[in-house]
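Chemist: Output the structure for:
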Amino acid sequence: PEEGEVPGELVQVESQDFVYEGYQYNKNSSLRELQELCRELGAKVTGSKEQLLKRASTRAHEKEKMSGLQESRENYEKYILPLARNRKERPEDEQEVAARNLTHLPFAAWCPHCVATRSREGPYRQSEKKQTSSANASKPTISFDFMFTATSTSEEPAAIAMVAVDNWTKYILVTPIKRKGGADSIRHAAEALTHMSTQLGYSSVCLKADSETACQAIKKAVQRMRGAMGMSTTLVDSHPYSSQSNGAAERSIQTARRQANTLMDELRHYSKLTLPHEHPLFAWGCRHAAWLLNRYHQSSVTGRTAWEVVAGHPYRGELVQVGSSVMAKRAKPQKKGDKIWNAGIFLGKTDGDLWLVYQEDGLHACRSVRPIGEVYNSEKINNIRVYPWQVKHSLLGARLIPQKNQDKPKTVVPIALPDGKVPEEEQAQEEGERQ
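Modeler: Next comes the predicted model:
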């Protein structure tokens, strides 16, 4: 990017031909027209026609995106927020209750797990200025900090996770790590942030965190990784000894921790296990909490979920409770005579919407799952041995892993499957593939 530009578009603009306020702009537009448009959009007016067209195209797309976010926020406050506030009684439809309990979003006053872990002392609402300032920023900023969580049932050191949030889309990332420092933890956290920024489509981004050693090491590692891909990263330090200067990350830590605590409180209730904070499932629960927030939590700023802002549509995938027992279909059996469906514990979903299932021989990313009669198997939960930081972040998106109106999540219908038996629809699919 040229010096003085703000090149952080929300999506990569592939074509420089675009329409702005009813006028078509392309390579045939005159130099004066492009200069006037750049001046109106706040971009530099010097350079060739190609440079001016590229700047104007980027700024026009940014302005259109921010206008859509503002409209969504107004619709959310006008139509959706009043309904959410008035919903204080438990629905009579048990299927509606079960679907909502898959995510525990939004907060429900009738849900004992939500009240126990996320209820506030009194109403709190940010000022209009604070709510809209970050979303209207001209350049995307990803803020991050460390989350420490401990339980009273264990004397072990607190569980640690890096929590990051994007100020434009409100997309949240929770990456559990083994320790705050160390080369492996720094690299794992930096890979997660790099993947997040590229997934959001940012060719240029600000990365904001405290000035402590671990944060500085992560920021520099991200800058190197993105620089190797030809992308710009501006490093910003928050003010020392002031949590408010990195308030976006602090608020996201509270939101993610409360969501994770809600999931774990329900899991402890039904599994009859203590599940202290050093248990592997606690770390997977923190990661899954962010996954749920991105797809089912409607931001009060944008009026949409982070997934809807990024992907352009609500998330419509299937879901089961984290920690529940499932029969999972592996991407590819090792031998043709091996079972296709194997029992395991659901730990979350990948960015590519594959199911992360822990089985006897390790962690697998599976194409589909089927809940089984025994919803929670305490023995199998206690036998989980893999942590999120033991898996490369790039592998959580695609393959087998060695060692507006909010759509309701689709509940996978439980069925009883004997070992080795394949559902009829899956069997037909397999026969079609062999043919």
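Chemist: Can I take it that Arg100 is in a helix?
Modeler: Yes: under DSSP: H, G, I helix; E, B strand; the rest coil, Arg100 sits within a helix.
Chemist: Look up how far Trp307 lies from it.
Modeler: Note on Arg100: its distance to Trp307, by CB to CB, to the nearest Å, is 18 Å. All C-beta atoms are positioned from the backbone trio N, CA, C, and that covers glycine.
Chemist: And for Gly337?
Modeler: Taking CB to CB, one finds Gly337 at 40 Å from Trp307.
Chemist: Would you mind telling me which of the two has the busier surroundings?
Modeler: Trp307 (20 against 6; other CB atoms under 10 Å).
Chemist: Am I right that that one sits in a helix?
Modeler: Yes: assessed with three-state DSSP, Trp307 lies in a helix.
Chemist: which residues does it contact?
Modeler: Asn294, Arg295, Pro314, Tyr315 (CB atoms under 8 Å, 6 or more residues apart in numbering).
Chemist: Could I get the buried residue list for stretch 317-333?
Modeler: Buried residues in stretch 317-333, defined by neighbour count with 16 or more other CB atoms under 10 Å: Leu319, Val320, Gln321, Val322, Gly323, Ser324, Ser325, Val326, Met327, Ala328, Lys329, Arg330.
Chemist: these two touch, right, the last one and Ala343?
Modeler: In other words, Arg330. No: contact criterion CB atoms under 8 Å: Arg330 and Ala343 do not qualify, at 11.8 Å.
Chemist: Now do the strands in this protein.
Modeler: 18-20, 23-25, 141-149, 159-166, 172-177, 204-209, 232-237, 318-319, 325-330, 341-349, 355-359, 362-371, 410-411 (DSSP state E).
Chemist: that older thread, now, of the contacts of Trp307, which are buried?
Modeler: For these, buried by 16+ other CB under 10 Å: Asn294, Arg295, Pro314, Tyr315.
Chemist: Please tell me the pLDDT value assigned to the residue nearest to Cys366 when sequence neighbours are not counted.
Modeler: Counting by CB to CB, 6 or more residues apart in numbering, Cys366 lies nearest to Ala328, which is 4.0 Å off, once chain neighbours are set aside. pLDDT recorded at Ala328 is 92.
Chemist: Just list the residues touching Ala328, thanks.
Modeler: Counted by CB under 8 Å, 6+ apart, Ala328 has contacts 341-344, 346, 355, 357, 359, 364, 366, 368-370.
Chemist: would you list every one of the helices in the stretch 1-150 of the chain?
Modeler: 31-41, 49-75, 81-86, 94-101, 112-118, 128-133 (DSSP state H, counting those that start in this stretch).
Chemist: what does the first one contact?
Modeler: By CB under 8 Å, 6+ apart, the list of residues contacting helix 31-41 from outside reads Tyr20, Tyr25, Lys44, Val45, Lys49, Leu52, Leu53, Arg55, Ala56, Arg59, Ala60, Lys63.
Chemist: Would you point out the most distant pair within those residues?
Modeler: Lys49 and Lys63 (20.7 Å; CB to CB).
Chemist: and the closest residue to Lys63 other than its chain neighbours, how many residues sit next to it?
Modeler: Excluding the flanking residues, the one nearest Lys63 by CB to CB, 6+ apart is Leu41, at 6.8 Å. Residues contacting Leu41 under the criterion other CB under 10 Å number 16.
Chemist: Please apply the same query to Tyr376.
Modeler: Neighbour tally, Tyr376, other CB under 10 Å: 17.
Chemist: Glu33 now?
Modeler: 15.
Chemist: likewise Leu347?
Modeler: 22.
Chemist: which non-adjacent residue is nearest Met260?
Modeler: Just to correct that, residue 260 is Ala rather than Met. Using CB to CB, 6+ apart, the closest residue to Ala260 is Ala289 (4.0 Å).
Chemist: In contact with the one you found, which residues?
Modeler: So Ala289 contacts Val174, Ala256, Gln259, Ala260, Thr262, Leu263 (CB under 8 Å, 6+ apart).
Chemist: Now for Val222: which residues touch it?
Modeler: Val222 touches Ala190, Leu193, Thr194, Ser197, Leu207, Thr233, counting by CB under 8 Å, 6+ apart.
Chemist: repeat that for 7 Å
Modeler: Going by CB atoms under 7 Å, 6 or more residues apart in numbering, Val222 touches Ala190, Leu193, Thr194, Leu207, Thr233.
Chemist: Among those residues, which one has the most neighbours?
Modeler: Most surrounded of the contacts of Val222: other CB under 10 Å gives Leu193, at 26 neighbours.
Chemist: so how far is Cys215 from that one?
Modeler: Relative to Cys215, and taking CB to CB, Leu193 is found at 11 Å.
Chemist: what sits up against stretch 227-236?
Modeler: Contacts of stretch 227-236 (CB under 7 Å, 6+ apart): Pro1, Pro7, Ser203, Ser204, Val205, Cys206, Leu207, Lys208, Lys219, Val222, Gln223, Arg226.
Chemist: list the buried ones in that stretch?
Modeler: For stretch 227-236, using 16+ other CB under 10 Å, the buried residues are Met231, Ser232, Thr233.
Chemist: again with stretch 344-357
Modeler: Gly344, Ile345, Phe346, Leu347, Gly348, Lys349, Thr350, Leu354, Trp355, Leu356, Val357.
Chemist: Among those residues, which one lies nearest to Thr274?
Modeler: Closest to Thr274, out of all of the buried residues of stretch 344-357 and judged by CB to CB, is Ile345, at 16.7 Å.
Chemist: Below-threshold pLDDT in the chain: ranges please.
Modeler: 1-16, 68-88, 119-137, 240-245, 331-333, 393-435 (pLDDT under 70).
Chemist: List the residues that contact the residue nearest to Pro176 when sequence neighbours are not counted.
Modeler: Leaving out its chain neighbours, the residue that sits closest to Pro176 by CB to CB, 6+ apart is Ala283, at 3.9 Å. Ala283 makes contact with Ala159, Pro176, Tyr387, Pro388 under the criterion CB under 7 Å, 6+ apart.
Chemist: TSV for those residues, including distance to Val165 and neighbour count?
Modeler: Listed next are the contacts of Ala283 as TSV, based on distance: CB to CB, whole Å; neighbours: other CB atoms under 10 Å:
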residue	distance to Val165	neighbour count
Ala159	19	24
Pro176	16	24
Tyr387	23	19
Pro388	18	25
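Chemist: I appreciate the help and will end here.
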